[in-house]
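**Q** what follows is a protein structure lacking sequence information:
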């Protein structure tokens, strides 16, 4: 049992976890954006629509990473049990499913990701 004078684990770990997760999400989004702008467009079979989808995924990763950085500094939401995790999980599902669909669109097995993308978006919004 945690006494009122000592901070609980969630109050000390969660903000730093959200901060690190946000920083990693921003970094991943920037790397993905650079990959899309410089390397992906040279791959055979990549269309303008594919590049646009990739850019959208990278932009959302960056925006949600910045959101996590802000949430981690907020006195109330930095310790909220749902908001940060929902933003992080939703962003990872949303962006990674779009990127996987662009990279491996020729594999029929990957088509199951199409309906998963909006679920990630809904989880992000819920956060």
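**A** Alright, I've got the coordinates. Being a predicted model, the structure only gives us computed values, none of them experimental.
**Q** can you give me the buried ones in the longest helix that the chain contains?
**A** In the chain, with assignment by DSSP state H, the single longest helix is helix 9-38. Of all the residues in helix 9-38, those buried under the rule 16 or more other C-beta atoms under 10 Å are 14-15, 17-19, 21-22, 25-26, 28-29, 32-33, 36. In short, each C-beta sits where N, CA and C put it, glycine included.
**Q** wait, which of those residues is closest to residue 79?
**A** residue 14 (5.5 Å; C-beta to C-beta).
**Q** OK, contacts around the closest residue in space to residue 62 that isn't next to it in sequence?
**A** What sits nearest to residue 62 in space, not counting adjacent residues and going by C-beta to C-beta, 6 or more residues apart in numbering, is residue 29, at 3.6 Å. Contact analysis of residue 29 by C-beta atoms under 8 Å, 6 or more residues apart in numbering lists 58-63, 65, 95.
**Q** buried subset of those residues, written for PyMOL?
**A** Command for PyMOL that selects the buried part of the contacts of residue 29, burial taken from 16+ other C-beta under 10 Å:
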select buried, resi 58+60+61+62+65+95
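**Q** what's the closest of the contacts of residue 29 to residue 73?
**A** Proximity of those to residue 73 (C-beta to C-beta) peaks at residue 65, which lies at 13.6 Å.
**Q** is that closest one in contact with residue 30, as I believe?
**A** No: with contact defined as C-beta atoms under 8 Å, residue 65 does not reach residue 30; the gap is 9.1 Å.
**Q** which strand or helix spans the residue nearest to residue 22 when sequence neighbours are not counted?
**A** Excluding the flanking residues, the one nearest residue 22 by C-beta to C-beta, 6+ apart is residue 68, at 3.0 Å. Applying DSSP states H and E as the criterion places residue 68 in helix 48-73.
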